[in-house]
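Engineer: coords below, sequence missing:
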(Lines give C-alpha, C1' and ligand atoms only; values in the text may rest on other atoms or scores of the structure.)
Protein backbone atom coordinates (compact mmCIF):
# COMPACT_ATOMS: atom_id res chain seq x y z
CA UNK A 1 0.00 0.00 0.00
CA UNK A 2 2.80 2.33 0.88
CA UNK A 3 4.41 1.67 -2.52
CA UNK A 4 1.24 2.63 -4.30
CA UNK A 5 1.02 5.75 -2.16
CA UNK A 6 4.64 6.70 -2.93
CA UNK A 7 4.00 6.18 -6.63
CA UNK A 8 0.96 8.43 -6.50
CA UNK A 9 2.91 11.07 -4.60
CA UNK A 10 5.71 10.90 -7.15
CA UNK A 11 3.27 11.37 -10.03
CA UNK A 12 1.68 14.28 -8.14
CA UNK A 13 5.06 15.97 -7.56
CA UNK A 14 6.05 15.37 -11.19
CA UNK A 15 2.77 16.88 -12.32
CA UNK A 16 3.39 19.93 -10.20
CA UNK A 17 6.90 20.24 -11.62
CA UNK A 18 5.63 20.01 -15.18
CA UNK A 19 2.84 22.45 -14.37
CA UNK A 20 5.30 24.92 -12.81
CA UNK A 21 7.59 24.59 -15.85
CA UNK A 22 4.75 25.27 -18.24
CA UNK A 23 3.64 28.23 -16.11
CA UNK A 24 7.17 29.67 -16.10
CA UNK A 25 7.45 29.24 -19.86
CA UNK A 26 4.11 30.97 -20.39
CA UNK A 27 5.15 33.83 -18.13
CA UNK A 28 8.38 34.24 -20.13
CA UNK A 29 6.49 34.31 -23.41
CA UNK A 30 3.96 36.77 -21.96
CA UNK A 31 6.78 39.03 -20.75
CA UNK A 32 8.52 38.99 -24.13
CA UNK A 33 5.23 39.65 -25.88
CA UNK A 34 4.48 42.52 -23.49
CA UNK A 35 7.90 44.03 -24.11
CA UNK A 36 7.29 43.86 -27.83
CA UNK A 37 3.90 45.52 -27.44
CA UNK A 38 5.25 48.04 -24.95
CA UNK A 39 8.03 49.21 -27.28
CA UNK A 40 5.92 49.23 -30.40
CA UNK A 41 5.71 52.44 -32.39
CA UNK A 42 2.48 54.31 -31.83
CA UNK A 43 0.38 56.85 -33.72
CA UNK A 44 0.03 60.55 -33.11
CA UNK A 45 -3.30 60.34 -31.25
CA UNK A 46 -1.73 57.95 -28.71
CA UNK A 47 1.03 60.35 -27.70
CA UNK A 48 1.12 62.30 -24.42
CA UNK A 49 0.66 66.03 -24.86
CA UNK A 50 4.35 66.98 -24.59
CA UNK A 51 5.25 64.78 -27.59
CA UNK A 52 2.57 66.17 -29.89
CA UNK A 53 4.22 68.65 -32.22
CA UNK A 54 3.35 67.85 -35.84
CA UNK A 55 -0.07 66.32 -36.50
CA UNK A 56 0.84 65.74 -40.16
CA UNK A 57 3.29 63.02 -39.11
CA UNK A 58 0.72 60.38 -38.30
CA UNK A 59 2.63 57.32 -37.06
CA UNK A 60 5.91 55.60 -36.15
CA UNK A 61 6.40 57.45 -32.83
CA UNK A 62 8.35 56.22 -29.83
CA UNK A 63 6.56 57.11 -26.60
CA UNK A 64 8.04 57.07 -23.09
CA UNK A 65 10.55 54.32 -23.68
CA UNK A 66 13.33 53.50 -21.17
CA UNK A 67 16.77 54.90 -21.94
CA UNK A 68 18.22 51.54 -22.93
CA UNK A 69 15.58 50.98 -25.58
CA UNK A 70 15.90 54.59 -26.74
CA UNK A 71 19.65 54.29 -27.23
CA UNK A 72 19.20 51.06 -29.15
CA UNK A 73 16.53 52.70 -31.31
CA UNK A 74 19.21 54.77 -33.06
CA UNK A 75 19.72 51.67 -35.23
CA UNK A 76 16.02 51.03 -35.88
CA UNK A 77 13.45 52.67 -38.15
CA UNK A 78 11.03 55.27 -36.75
CA UNK A 79 10.05 58.82 -37.62
CA UNK A 80 13.08 60.29 -35.81
CA UNK A 81 15.76 58.03 -37.31
CA UNK A 82 16.77 60.38 -40.11
CA UNK A 83 16.43 63.41 -37.83
CA UNK A 84 19.04 61.84 -35.58
CA UNK A 85 21.41 60.72 -38.31
CA UNK A 86 21.33 63.79 -40.55
CA UNK A 87 22.78 65.95 -37.79
CA UNK A 88 24.91 63.25 -36.22
CA UNK A 89 26.68 62.69 -39.54
CA UNK A 90 26.93 66.47 -39.89
CA UNK A 91 28.62 66.66 -36.49
CA UNK A 92 31.29 64.15 -37.52
CA UNK A 93 31.81 66.00 -40.82
CA UNK A 94 32.50 69.25 -38.98
CA UNK A 95 34.67 67.52 -36.42
CA UNK A 96 36.82 66.18 -39.27
CA UNK A 97 36.88 69.62 -40.94
CA UNK A 98 37.96 71.24 -37.68
CA UNK A 99 40.86 68.82 -37.24
CA UNK A 100 41.85 69.21 -40.89
CA UNK A 101 41.76 73.00 -40.68
CA UNK A 102 43.77 73.10 -37.46
CA UNK A 103 46.46 70.83 -38.89
CA UNK A 104 46.61 71.72 -42.59
CA UNK A 105 45.16 75.11 -43.45
CA UNK A 106 47.91 77.36 -42.01
CA UNK A 107 50.49 75.28 -43.86
CA UNK A 108 48.39 75.26 -47.03
CA UNK A 109 48.02 79.03 -46.97
CA UNK A 110 51.72 79.62 -46.43
CA UNK A 111 52.84 77.16 -49.09
CA UNK A 112 50.34 78.53 -51.56
CA UNK A 113 51.87 81.97 -51.20
CA UNK A 114 55.40 80.62 -51.39
CA UNK A 115 54.94 78.04 -54.12
CA UNK A 116 56.89 80.08 -56.69
CA UNK A 117 59.86 80.76 -54.40
CA UNK A 118 63.07 78.70 -54.27
CA UNK A 119 63.17 75.63 -52.06
CA UNK A 120 65.48 77.44 -49.66
CA UNK A 121 62.52 79.54 -48.52
CA UNK A 122 61.41 76.61 -46.40
CA UNK A 123 64.77 76.25 -44.62
CA UNK A 124 65.64 79.65 -43.16
CA UNK A 125 69.01 80.05 -41.46
CA UNK A 126 68.29 83.22 -39.53
CA UNK A 127 71.66 83.39 -37.75
CA UNK A 128 73.59 83.09 -41.00
CA UNK A 129 71.42 85.72 -42.62
CA UNK A 130 71.90 88.18 -39.78
CA UNK A 131 75.65 87.69 -39.86
CA UNK A 132 76.09 88.11 -43.59
CA UNK A 133 73.74 91.08 -43.93
CA UNK A 134 74.91 92.99 -40.87
CA UNK A 135 77.28 95.14 -42.98
CA UNK A 136 74.47 96.22 -45.31
CA UNK A 137 71.56 96.50 -42.84
CA UNK A 138 73.03 97.36 -39.43
CA UNK A 139 69.72 96.95 -37.62
CA UNK A 140 69.14 93.45 -38.97
CA UNK A 141 70.85 91.61 -36.07
CA UNK A 142 68.06 92.93 -33.85
CA UNK A 143 65.44 91.14 -35.97
CA UNK A 144 62.67 90.17 -35.98
CA UNK A 145 61.45 93.75 -36.47
CA UNK A 146 59.40 93.89 -39.64
CA UNK A 147 58.87 97.66 -39.55
CA UNK A 148 62.59 98.38 -39.35
CA UNK A 149 63.34 95.85 -42.06
CA UNK A 150 60.87 97.51 -44.38
CA UNK A 151 62.32 100.96 -43.69
CA UNK A 152 65.90 99.77 -44.18
CA UNK A 153 65.06 98.04 -47.46
CA UNK A 154 63.09 101.03 -48.70
CA UNK A 155 66.13 103.20 -48.03
CA UNK A 156 68.45 100.75 -49.78
CA UNK A 157 65.99 100.12 -52.63
CA UNK A 158 63.91 103.31 -52.90
CA UNK A 159 62.04 102.08 -55.98
CA UNK A 160 60.50 99.16 -54.14
CA UNK A 161 57.41 99.20 -51.98
CA UNK A 162 57.73 96.24 -49.61
CA UNK A 163 54.09 95.66 -48.84
CA UNK A 164 52.40 92.25 -48.78
CA UNK A 165 52.60 92.32 -52.57
CA UNK A 166 56.28 91.51 -52.02
CA UNK A 167 55.10 87.91 -51.91
CA UNK A 168 54.70 87.80 -55.68
CA UNK A 169 57.43 86.20 -57.75
CA UNK A 170 57.81 89.31 -59.93
CA UNK A 171 58.63 91.58 -56.99
CA UNK A 172 60.91 89.02 -55.39
CA UNK A 173 62.86 88.80 -58.65
CA UNK A 174 63.12 92.57 -58.48
CA UNK A 175 64.67 92.20 -55.04
CA UNK A 176 67.16 89.61 -56.32
CA UNK A 177 68.24 91.85 -59.18
CA UNK A 178 68.61 94.96 -57.03
CA UNK A 179 70.87 93.32 -54.46
CA UNK A 180 74.53 93.58 -55.61
CA UNK A 181 76.78 90.60 -56.08
CA UNK A 182 79.99 90.08 -54.07
CA UNK A 183 82.97 91.82 -55.71
CA UNK A 184 86.35 93.35 -54.72
CA UNK A 185 88.05 96.48 -55.96
CA UNK A 186 91.74 96.82 -56.42
CA UNK A 187 92.14 98.07 -52.87
CA UNK A 188 90.48 94.85 -51.68
CA UNK A 189 87.66 96.87 -50.06
CA UNK A 190 84.57 94.70 -49.80
CA UNK A 191 81.29 96.42 -50.72
CA UNK A 192 77.90 95.10 -49.49
CA UNK A 193 78.76 91.49 -50.15
CA UNK A 194 75.87 89.17 -51.10
CA UNK A 195 75.84 85.91 -52.99
CA UNK A 196 72.81 84.40 -54.71
CA UNK A 197 72.24 82.08 -51.76
CA UNK A 198 72.12 85.06 -49.43
CA UNK A 199 69.62 86.74 -51.72
CA UNK A 200 67.46 83.66 -51.37
CA UNK A 201 67.87 83.91 -47.62
CA UNK A 202 66.58 87.47 -47.80
CA UNK A 203 63.45 86.15 -49.47
CA UNK A 204 63.39 83.39 -46.88
CA UNK A 205 63.28 85.76 -43.93
CA UNK A 206 60.92 88.30 -45.47
CA UNK A 207 58.27 85.89 -46.74
CA UNK A 208 57.43 84.25 -43.38
CA UNK A 209 57.23 87.69 -41.79
CA UNK A 210 54.85 88.85 -44.49
CA UNK A 211 52.77 85.65 -44.42
CA UNK A 212 52.05 85.35 -40.73
CA UNK A 213 48.76 83.55 -39.99
CA UNK A 214 46.28 85.75 -38.16
CA UNK A 215 44.32 84.64 -35.13
CA UNK A 216 42.02 81.70 -35.77
CA UNK A 217 39.66 81.88 -32.77
CA UNK A 218 36.67 83.46 -34.62
CA UNK A 219 36.86 80.70 -37.24
CA UNK A 220 37.08 77.92 -34.66
CA UNK A 221 34.33 79.56 -32.58
CA UNK A 222 32.06 79.10 -35.59
CA UNK A 223 33.17 75.48 -36.02
CA UNK A 224 32.50 74.86 -32.33
CA UNK A 225 29.07 76.47 -32.58
CA UNK A 226 28.23 74.31 -35.60
CA UNK A 227 29.30 71.10 -33.87
CA UNK A 228 27.41 72.02 -30.69
CA UNK A 229 24.25 72.73 -32.69
CA UNK A 230 24.43 69.51 -34.69
CA UNK A 231 25.21 67.27 -31.72
CA UNK A 232 22.59 68.84 -29.44
CA UNK A 233 19.96 68.52 -32.17
CA UNK A 234 20.78 64.87 -32.78
CA UNK A 235 20.71 64.12 -29.05
CA UNK A 236 17.41 65.93 -28.64
CA UNK A 237 15.69 63.92 -31.37
CA UNK A 238 17.02 60.69 -29.92
CA UNK A 239 16.18 61.18 -26.22
CA UNK A 240 13.14 63.46 -26.06
CA UNK A 241 10.65 60.58 -26.13
CA UNK A 242 11.83 59.28 -22.74
CA UNK A 243 9.88 61.56 -20.39
CA UNK A 244 8.41 65.03 -20.16
CA UNK A 245 11.25 66.31 -17.98
CA UNK A 246 13.99 65.01 -20.29
CA UNK A 247 12.09 66.33 -23.30
CA UNK A 248 12.01 69.80 -21.76
CA UNK A 249 15.77 69.73 -21.11
CA UNK A 250 16.64 68.40 -24.54
CA UNK A 251 14.51 70.98 -26.37
CA UNK A 252 16.14 73.82 -24.42
CA UNK A 253 19.51 72.39 -25.41
CA UNK A 254 18.41 72.18 -29.05
CA UNK A 255 17.32 75.84 -29.13
CA UNK A 256 20.56 76.89 -27.47
CA UNK A 257 22.46 75.03 -30.18
CA UNK A 258 20.57 76.82 -32.95
CA UNK A 259 21.26 80.21 -31.34
CA UNK A 260 24.94 79.29 -30.92
CA UNK A 261 25.26 78.33 -34.58
CA UNK A 262 23.65 81.55 -35.81
CA UNK A 263 25.65 83.76 -33.45
CA UNK A 264 29.04 82.19 -34.10
CA UNK A 265 28.38 82.16 -37.84
CA UNK A 266 28.89 85.93 -37.78
CA UNK A 267 32.19 85.82 -35.91
CA UNK A 268 34.44 85.05 -38.93
CA UNK A 269 32.89 87.57 -41.37
CA UNK A 270 32.63 90.34 -38.77
CA UNK A 271 36.05 89.82 -37.19
CA UNK A 272 38.04 89.34 -40.40
CA UNK A 273 36.19 92.11 -42.26
CA UNK A 274 36.60 94.69 -39.49
CA UNK A 275 39.74 93.50 -37.70
CA UNK A 276 41.39 96.78 -38.66
CA UNK A 277 38.36 98.78 -37.40
CA UNK A 278 37.95 97.74 -33.75
CA UNK A 279 34.90 99.94 -33.16
CA UNK A 280 32.75 98.26 -35.81
CA UNK A 281 34.23 94.86 -35.02
CA UNK A 282 33.25 95.09 -31.35
CA UNK A 283 29.89 96.68 -32.18
CA UNK A 284 28.73 93.96 -34.56
CA UNK A 285 30.15 91.04 -32.57
CA UNK A 286 28.73 92.38 -29.32
CA UNK A 287 25.28 92.86 -30.86
CA UNK A 288 24.99 89.37 -32.33
CA UNK A 289 26.33 87.81 -29.11
CA UNK A 290 23.77 89.65 -26.95
CA UNK A 291 21.00 88.72 -29.39
CA UNK A 292 22.03 85.07 -29.23
CA UNK A 293 22.06 85.05 -25.42
CA UNK A 294 18.64 86.74 -25.34
CA UNK A 295 17.26 84.11 -27.71
CA UNK A 296 18.57 81.30 -25.51
CA UNK A 297 17.02 82.90 -22.39
CA UNK A 298 13.68 83.37 -24.15
CA UNK A 299 13.73 79.76 -25.30
CA UNK A 300 13.92 78.64 -21.66
CA UNK A 301 10.30 79.71 -21.15
CA UNK A 302 8.01 76.63 -21.16
CA UNK A 303 5.46 78.36 -23.40
CA UNK A 304 8.13 78.67 -26.09
CA UNK A 305 7.71 74.98 -26.92
CA UNK A 306 3.96 75.03 -27.53
CA UNK A 307 3.00 74.09 -31.11
CA UNK A 308 1.25 77.44 -31.65
CA UNK A 309 4.65 79.13 -31.14
CA UNK A 310 6.25 77.22 -34.02
CA UNK A 311 6.07 80.23 -36.36
CA UNK A 312 7.39 82.56 -33.64
CA UNK A 313 10.32 80.22 -32.99
CA UNK A 314 11.21 80.10 -36.67
CA UNK A 315 10.80 83.88 -37.00
CA UNK A 316 13.05 84.54 -34.02
CA UNK A 317 15.89 82.46 -35.40
CA UNK A 318 15.29 83.88 -38.88
CA UNK A 319 15.54 87.38 -37.39
CA UNK A 320 18.88 86.49 -35.84
CA UNK A 321 20.17 85.49 -39.24
CA UNK A 322 18.74 88.64 -40.82
CA UNK A 323 20.69 90.79 -38.35
CA UNK A 324 23.86 89.83 -40.23
CA UNK A 325 22.82 91.77 -43.32
CA UNK A 326 24.18 95.06 -41.91
CA UNK A 327 27.82 93.96 -41.38
CA UNK A 328 27.85 92.14 -44.73
CA UNK A 329 26.65 95.23 -46.60
CA UNK A 330 29.14 97.32 -44.66
CA UNK A 331 31.91 94.93 -45.68
CA UNK A 332 30.94 95.10 -49.35
CA UNK A 333 30.94 98.92 -49.28
CA UNK A 334 34.36 99.05 -47.60
CA UNK A 335 36.05 96.39 -49.72
CA UNK A 336 34.11 96.48 -53.00
CA UNK A 337 37.44 96.52 -54.88
CA UNK A 338 38.65 93.35 -53.14
CA UNK A 339 37.71 90.10 -54.94
CA UNK A 340 37.80 88.23 -51.62
CA UNK A 341 35.05 90.46 -50.23
CA UNK A 342 32.79 89.65 -53.17
CA UNK A 343 33.73 85.95 -53.02
CA UNK A 344 32.83 85.64 -49.34
CA UNK A 345 29.65 87.65 -49.82
CA UNK A 346 28.53 85.15 -52.46
CA UNK A 347 29.06 82.31 -49.99
CA UNK A 348 27.18 84.21 -47.28
CA UNK A 349 24.22 84.89 -49.56
CA UNK A 350 24.06 81.21 -50.41
CA UNK A 351 24.25 80.33 -46.72
CA UNK A 352 21.42 82.75 -45.94
CA UNK A 353 19.28 81.29 -48.72
CA UNK A 354 19.82 77.73 -47.41
CA UNK A 355 19.03 78.70 -43.81
CA UNK A 356 16.03 80.76 -44.94
CA UNK A 357 14.54 77.94 -46.98
CA UNK A 358 15.12 75.59 -44.05
CA UNK A 359 13.30 77.90 -41.65
CA UNK A 360 10.43 78.30 -44.12
CA UNK A 361 10.09 74.55 -44.59
CA UNK A 362 10.21 74.02 -40.82
CA UNK A 363 7.52 76.63 -40.13
CA UNK A 364 5.12 75.58 -42.91
CA UNK A 365 5.61 71.79 -42.44
CA UNK A 366 5.98 71.13 -46.12
CA UNK A 367 5.59 68.53 -47.66
CA UNK A 368 3.84 66.41 -45.00
CA UNK A 369 0.96 68.86 -44.62
CA UNK A 370 0.03 68.10 -48.25
CA UNK A 371 -0.06 64.33 -47.70
CA UNK A 372 -0.31 63.47 -43.98
CA UNK A 373 1.24 60.11 -43.14
CA UNK A 374 3.14 59.75 -46.42
CA UNK A 375 6.39 61.28 -45.12
CA UNK A 376 6.47 59.82 -41.61
CA UNK A 377 9.72 57.91 -42.12
CA UNK A 378 11.54 59.95 -44.76
CA UNK A 379 11.10 63.30 -46.48
CA UNK A 380 9.23 65.35 -43.88
CA UNK A 381 10.00 69.00 -43.19
CA UNK A 382 12.28 68.55 -40.20
CA UNK A 383 14.61 66.22 -42.09
CA UNK A 384 14.80 68.69 -44.99
CA UNK A 385 15.49 71.45 -42.46
CA UNK A 386 18.38 69.44 -41.02
CA UNK A 387 19.95 68.82 -44.43
CA UNK A 388 19.70 72.51 -45.33
CA UNK A 389 21.32 73.50 -42.02
CA UNK A 390 24.32 71.23 -42.66
CA UNK A 391 24.63 72.54 -46.23
CA UNK A 392 24.45 76.15 -45.04
CA UNK A 393 27.05 75.59 -42.34
CA UNK A 394 29.41 73.94 -44.83
CA UNK A 395 28.98 76.89 -47.19
CA UNK A 396 30.00 79.18 -44.35
CA UNK A 397 33.03 77.00 -43.66
CA UNK A 398 34.16 77.56 -47.25
CA UNK A 399 33.70 81.30 -46.79
CA UNK A 400 35.81 81.11 -43.63
CA UNK A 401 38.72 79.60 -45.55
CA UNK A 402 38.59 82.53 -47.98
CA UNK A 403 38.66 84.98 -45.05
CA UNK A 404 41.69 83.26 -43.52
CA UNK A 405 43.65 83.29 -46.76
CA UNK A 406 42.66 86.91 -47.45
CA UNK A 407 43.85 88.22 -44.09
CA UNK A 408 46.87 85.96 -43.88
CA UNK A 409 48.09 87.30 -47.20
CA UNK A 410 46.93 90.90 -47.05
CA UNK A 411 46.80 91.83 -43.39
CA UNK A 412 45.00 95.09 -42.66
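Structural biologist: Cool, the structure landed. Note that this is a predicted model, so its numbers are computed, not measured. Numbers count the residues shown, from 1 in each chain.
Engineer: Give me the contacts around stretch 334-346.
Structural biologist: Residues from elsewhere that reach stretch 334-346 (CB atoms under 8 Å, 6 or more residues apart in numbering): 269, 273, 328, 331, 332, 399, 402, 403, 405, 406, 410. Backbone N, C-alpha and C define where each C-beta goes, glycine included.
Engineer: For residue 314, list the residues it contacts.
Structural biologist: Residue 314 makes contact with 359, 360, 362, 363, according to CB under 8 Å, 6+ apart.
Engineer: got it, and residue 291?
Structural biologist: Counting by CB under 8 Å, 6+ apart, residue 291 has contacts 263, 320, 323.
Engineer: most neighbours, which of the residues you listed?
Structural biologist: Taking other CB atoms under 10 Å as the neighbour criterion, residue 263 ranks highest of the contacts of residue 291 with 24 neighbours.
Engineer: which stretches of this protein have low pLDDT?
Structural biologist: Within the chain, the segments meeting pLDDT under 70 span 1-38, 105-212, 305, 307-308, 310, 412.
Engineer: and it, what are its domains?
Structural biologist: 70-109+214-410, 118-210 (automatic domain parsing).
Engineer: how long is the first one from one end to the other?
Structural biologist: As for domain 70-109+214-410, its first-to-last residue distance stands at 52 Å under the measure CA to CA, to the nearest Å.
Engineer: Who are the contact partners of the closest residue to residue 78 other than its chain neighbours?
Structural biologist: Among residues not flanking residue 78 along the chain, residue 60 sits closest, at 5.0 Å (CB to CB, 6 or more residues apart in numbering). Contacts here follow CB under 8 Å, 6+ apart; on that basis residue 60 touches 41, 77, 78, 79, 376, 377.
Engineer: Likewise for residue 236?
Structural biologist: Residues counted as contacts of residue 236 (CB under 8 Å, 6+ apart) are 250, 251, 253, 254.
Engineer: For the stretch 301-412 of the chain, just list every one of the helices.
Structural biologist: Taking DSSP state H, counting those that start in this stretch as the criterion, the stretch 301-412 of the chain carries its helices at 310-322, 325-334, 339-364, 381-410.
Engineer: Ok, which of the ones you listed comes nearest residue 289?
Structural biologist: Closest to residue 289 of the helices of the stretch 301-412 of the chain, according to CB to CB: helix 310-322, at 11.0 Å.
Engineer: buried residues in the closest one?
Structural biologist: Across helix 310-322, burial judged by 16 or more other CB atoms under 10 Å covers 310, 313, 314, 316, 317, 318, 320, 321.
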